[in-house]
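> Any chance you could fold what I've pasted below:
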Amino acid sequence: MRIAIFGSGGIGGYIGARLDQIGKDVILIARGAHLKTIQQHGLKIESPKGNFVSNPKLVTDDPSQVGVVDAILLGVKAWHIPEVAHTIQPMIGPETAVITLQNGVDTPSKLAAVLGPEQVVIGLAILRCFITNPGHLRHTVDLNPNVQIGEMTGNSLDRVKNLGKIFEQAGLTVKIPEDIHAAMWGKFLLFSVMSGLGTITRSTTEIWRTLPETRQIAKESLRESAAVAKSNGVNLSDSIVEDTMRLIDNMADGHTTSMATDIMAGRPSELEAAIGHLVRLGQELGIDTPITSLIYNSLLPQEIKARK
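Predicted coordinates:
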């Protein structure tokens, strides 16, 4: 199986390196100093599961050099997806699976608008891994990375079952949910509230989850998000708010999200995908989101400044 990793940063690079480690034909697509370092020295993985260097046969910044592949894992940030949907087309054949790994819930529909829904596999990755230096990734938690996958159309499971087996061979924990859209929204609620609270408080999870005032803000934001999801036809559990807070309570100290890290560093972030989309969808559906809107509006000036 030929698998292209478009965006070889923390998540995409780690999964690609693990697939290369078990002998799959992996193509890494990267750019800049990260690309040049991998081409010259390989992709170094530092992990509690063992350090190693991945040397795929092809590392490039040009999808037209790759040819048609069996699967494409999209490891880029959410705001790149509209452009990427066109860029990856030289690698797509009739049976190619295009797997989303972005935070947010609107990536699959953006891809489907260009490629068709039958090409899209929704992917959800729980993995703490980031670039420390060009060509060097650090996986920071001694847990098996968790991946959930499902067909966007909900049709035949054969393709995702085959992909799941390959990911398991690479050492990933894989789940194929009965309702991938509900699973995607469940992860989205977690990422959205953690990103919002972590950024406006400038603190890691164990601080804002234990302070009564900020814990209440998190719960209210989750209630708003769940109301938007249910009004949009998503089959979320009635206990989703409590379930999500329980996940947050069980997280190790020091946890934050990529969005919070980016905003606090003055970089462009996934604010629109993580929170802005939710606010706008609430407006379309007639669902009030006062807490979530306040968080979004408070962070928007920093996002605008980072993108100038």
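> Was I right to think residue 101 contacts residue 122?
No - between residue 101 and residue 122 there is no contact under C-beta atoms under 8 Å: 9.6 Å. Just so you know, the C-beta spots here come from the backbone N, C-alpha and C atoms, and that holds for glycine as well.
> pLDDT weak spots in the stretch 1-150 of the chain?
Within the stretch 1-150 of the chain, the stretches with pLDDT under 70 are 142-143.
> could you show me where the helices are in it, in order?
10-21, 32-41, 81-87, 107-115 (DSSP state H, counting those that start in this stretch).
> for these, which one sits closest to residue 292?
helix 107-115 (19.4 Å; C-beta to C-beta).
> Next, the buried residues of that closest one.
By neighbour count on 16 or more other C-beta atoms under 10 Å, the buried set for helix 107-115 is 107-108, 110-112, 114-115.
> from those, which is closest to residue 66?
Nearest to residue 66 among the buried residues of helix 107-115, with distances taken as C-beta to C-beta, is residue 115, at 16.2 Å.
> in the stretch 101-250 of the chain, which spans are strands?
120-126, 129-133, 136-139, 146-151, 173-175 (DSSP state E, counting those that start in this stretch).
> Dump the C-alpha coordinates for the longest helix along the chain into PDB.
Using DSSP state H, we find that the single longest helix of the chain is helix 180-201. In PDB, the C-alpha atoms belonging to helix 180-201 read as follows (Å, rounded to 0.1, in the frame of the first residue of the first chain):
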ATOM      1  CA  ILE A 180     -18.100   8.700  13.000                       C
ATOM      2  CA  HIS A 181     -19.900  12.000  12.900                       C
ATOM      3  CA  ALA A 182     -20.900  11.800  16.600                       C
ATOM      4  CA  ALA A 183     -17.300  10.700  17.400                       C
ATOM      5  CA  MET A 184     -15.900  13.700  15.500                       C
ATOM      6  CA  TRP A 185     -18.200  16.100  17.300                       C
ATOM      7  CA  GLY A 186     -17.300  14.600  20.600                       C
ATOM      8  CA  LYS A 187     -13.600  15.200  20.000                       C
ATOM      9  CA  PHE A 188     -14.400  18.600  18.700                       C
ATOM     10  CA  LEU A 189     -16.200  19.700  21.900                       C
ATOM     11  CA  LEU A 190     -13.200  18.500  23.900                       C
ATOM     12  CA  PHE A 191     -10.700  20.400  21.700                       C
ATOM     13  CA  SER A 192     -12.800  23.500  21.500                       C
ATOM     14  CA  VAL A 193     -13.400  24.000  25.200                       C
ATOM     15  CA  MET A 194      -9.800  23.100  26.100                       C
ATOM     16  CA  SER A 195      -8.400  25.500  23.400                       C
ATOM     17  CA  GLY A 196     -10.700  28.300  24.500                       C
ATOM     18  CA  LEU A 197     -10.200  28.100  28.200                       C
ATOM     19  CA  GLY A 198      -6.500  27.400  27.900                       C
ATOM     20  CA  THR A 199      -6.000  30.400  25.700                       C
ATOM     21  CA  ILE A 200      -8.100  33.000  27.500                       C
ATOM     22  CA  THR A 201      -6.700  32.000  30.900                       C
END
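> That helix packs against which elements?
strand 120-126, strand 146-151, helix 205-208, helix 212-231, helix 240-249, helix 258-264, helix 290-306 (3 or more C-beta pairs under 8 Å, 6 or more residues apart in numbering; DSSP states H and E).
> what comes into contact with the third one?
Outside helix 205-208, the residues within contact range by C-beta atoms under 8 Å, 6 or more residues apart in numbering are 194, 197-198, 201, 214-215, 218, 248, 251, 253-256.
> Could you list the buried residues of it?
By neighbour count on 16+ other C-beta under 10 Å, the buried set for helix 205-208 is 205, 208.
> gap between that helix and the chain center?
Helix 205-208 sits 22 Å away from the centroid of its parent chain (C-alpha atoms, centre = their mean, to the nearest Å).
> Now do that helix, average pLDDT.
Mean per-residue pLDDT for helix 205-208: 96.
> Kindly check the end-to-end length of stretch 199-217 for me.
Stretch 199-217 has an end-to-end distance of 13 Å (criterion: C-alpha to C-alpha, to the nearest Å).
> quick one: buried residues of it?
For stretch 199-217, by 16+ other C-beta under 10 Å, it's 199-201, 203-205, 208-209, 214-215, 217.
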